[in-house]
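*Asks:* everything below, folded, please.
(one chain, ligands or ions: 1)
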Amino acid sequence: MTKNAKMIQLDLEKISLPGLDLERPWMIAGPCSAETEEQVLETATQLSEAGYKIFRAGIWKPRTRPGAFEGVGTLGLPWLKRVKEETGMFVGTEVANANHVFEAIKAGIDILWIGARTTANPFAVQEIADALKGVDLPVLVKNPVNPDLELWIGALERVNQAGIKKLAAIHRGFSTYDKSKYRNHPQWQIPIELKRRIPNLPIICDPSHIGGKSELIYEISQEAMDLNFDGLLVESHRCPAKAWSDASQQVTPTELKEITDKIVLRAPQIGQKPRVTLDQLRREIDKLDDSVLEVLQKRMEISEAIGIYKKENNITILQTRRYDEIMNDRKERGAKLGLSEEFLTALFEDIHQESVARQNKIMNK
Ligand SMILES: O=C(O)C(=O)C[C@]1(C(=O)O)C=C[C@@H](O)C=C1
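*Replies:* I've put the predicted structure just below:
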């Protein structure tokens, strides 16, 4: 990701729903999938009683493997209509093709979103964008499954160019092959960079898909709020254990209420008073970062010297045993300093990659 990449201009309007003042954090809650009319209505009623105003339910579910529950399809749309009529909630669902868009609009759905697997496919996004021409609904675009910010921005641009101005992004984390505590790694730097490049674009976090487990929803939601996200899209089911899809990441409406009540909302702007100390702290960080840069530059110089030695002596660039030794030692010593293993792994992986790249240049000069 290039940090000095251009700012993106989107023609955006504040997201609004008739009669609803969207306050931070906007909450969109409901089951992963609409399963039965009764399950939809009961979950919505419980959520509405807990104070939530926007209901979500998946009608069309792209599943990884065939044979899994793929959603009830258009059969579920009248159930969402009943949710609107009986609870007064607004309703939202995911669309993955033009037909879904037409059906959802016909059924009076208030909010549409594009899922991660769809965002990864520009043809599919363009088809949806074309189907949305002339529509004035809020549309949310999830990040693509792979950590590709340009692809995410491209999807937002396609929808915006179709005339959708009530646009927001949903951060649902990124697929990884590595084992981690997350189902989809948050890679917070990507939504942060999105916010930097399109400052007026609201971003909602989907802690259910990032965490993959109900126990992680609170900490991910809190982190999103501390990063000044605008809202949360959370999966909630009347009985998570019996859910037909994503059972482990759903919470009951009561549990969701406990989670949201615990979230601390911090001010997005820095006030006048703490400014002095904040400025001082920032100067200290500036000085420390100078030292970090100097150390990195010195390390790369040494790496280049090793590169010359390797070239002259016909030795391969990659030395896995040494790399392993470095990783284990830095993680062990870093842990004693209170630095997380995840952070150190990513840091030393990046350093090693840059070091290898420099030696590669020398080798092949
Ligand atoms: O020790 C070496 O051989 C180096 O070139 C240094 C270094 C590193 O940057 O840490 C780089 C490449 C190797 O795979 C292992 C380690």
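*Asks:* from now on I want contacts and neighbour counts done on CA atoms only, so please keep to that.
*Replies:* OK.
*Asks:* neighbouring contacts of stretch 342-357?
*Replies:* 300, 303, 304, 317, 318, 323, 327, 330, 331, 334 (CA atoms under 8 Å, 6 or more residues apart in numbering).
*Asks:* got a pLDDT number for residue 279?
*Replies:* Per-residue pLDDT puts residue 279 at 83.
*Asks:* tell me which helix or strand comes right after the helix or strand that contains it.
*Replies:* Assigned by DSSP states H and E, residue 279 belongs to helix 275-312. Next helix or strand after helix 275-312 toward the C-terminus (DSSP H and E): helix 320-336.
*Asks:* buried stuff in the helix or strand following that following helix?
*Replies:* As assigned by DSSP H and E, the chain's next helix or strand after helix 320-336 is helix 341-363. Using 16 or more other CA atoms under 10 Å as the burial criterion, the residues of helix 341-363 that qualify are 341, 344, 348, 352, 355, 356, 358, 359, 360, 362, 363.
*Asks:* helix 341-363 versus helix 275-312: what angle between them?
*Replies:* Put simply, helix 341-363 runs at 40 degrees to helix 275-312, going by axes from the mean of the first three to the mean of the last three CA atoms, to 10 degrees.
*Asks:* can you tell me if helix 341-363 touches the ligand.
*Replies:* Yes: counting by CA under 6 Å from any ligand atom, the ligand has neighbours in helix 341-363: 352, 355, 356.
*Asks:* could you measure from the last one over to residue 310?
*Replies:* When you say that, I think you mean residue 356. Distance, residue 356 to residue 310, by CA to CA, to the nearest Å: 12 Å.
*Asks:* so what sits against both of the two?
*Replies:* residue 317.
*Asks:* so which residues of the stretch 101-250 of the chain form strands?
*Replies:* Along the stretch 101-250 of the chain, counting by DSSP state E, counting those that start in this stretch, strands occupy 111-114, 139-142, 167-171, 203-205, 231-235.
*Asks:* okay, these in CSV with mean neighbour count next?
*Replies:* Shown next, in CSV, are the strands of the stretch 101-250 of the chain (neighbours: other CA atoms under 10 Å):
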stretch, mean neighbour count
strand 111-114, 23
strand 139-142, 26
strand 167-171, 25
strand 203-205, 27
strand 231-235, 25
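*Asks:* need the ones you listed in a markdown table (columns: distance to residue 257).
*Replies:* As requested, the strands of the stretch 101-250 of the chain are exported to a markdown table (distance: least, CA to CA, whole Å):
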| stretch | distance to residue 257 |
| --- | --- |
| strand 111-114 | 22 |
| strand 139-142 | 23 |
| strand 167-171 | 21 |
| strand 203-205 | 17 |
| strand 231-235 | 11 |
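*Asks:* what's the burial count for the spatially closest residue to residue 165 that is not a sequence neighbour?
*Replies:* Leaving aside its sequence neighbours, residue 165 sits nearest to residue 12 (CA to CA, 6 or more residues apart in numbering; 4.4 Å). By the criterion of other CA atoms under 10 Å, residue 12 has 16 neighbours.
*Asks:* give the contact list for residue 12.
*Replies:* 160, 164, 165, 166, 167, 200, 201.
*Asks:* now with 7 Å?
*Replies:* 165, 166, 167 (CA atoms under 7 Å, 6 or more residues apart in numbering).
*Asks:* and for residue 13?
*Replies:* Contacts of residue 13 by CA under 7 Å, 6+ apart are 165, 166.
*Asks:* surely it forms part of a strand?
*Replies:* No: according to DSSP: H, G, I helix; E, B strand; the rest coil, residue 13 belongs to no strand; its state is coil.
*Asks:* count of neighbours near the residue of the stretch 101-250 of the chain found nearest the ligand?
*Replies:* Here the stretch 101-250 of the chain gets closest to the ligand at one residue, residue 178, 20.4 Å apart by CA to the nearest ligand atom. Close neighbours of residue 178, defined as other CA under 10 Å, add up to 8.
*Asks:* quick one: contacts for it?
*Replies:* Contacts of residue 178 (CA under 7 Å, 6+ apart): none.
*Asks:* again with residue 156
*Replies:* Neighbours of residue 156 in contact, by CA under 7 Å, 6+ apart: residue 141.
*Asks:* start the count at 50, not 1, going forward
*Replies:* In the new numbering, first residue 50, that becomes residue 205.
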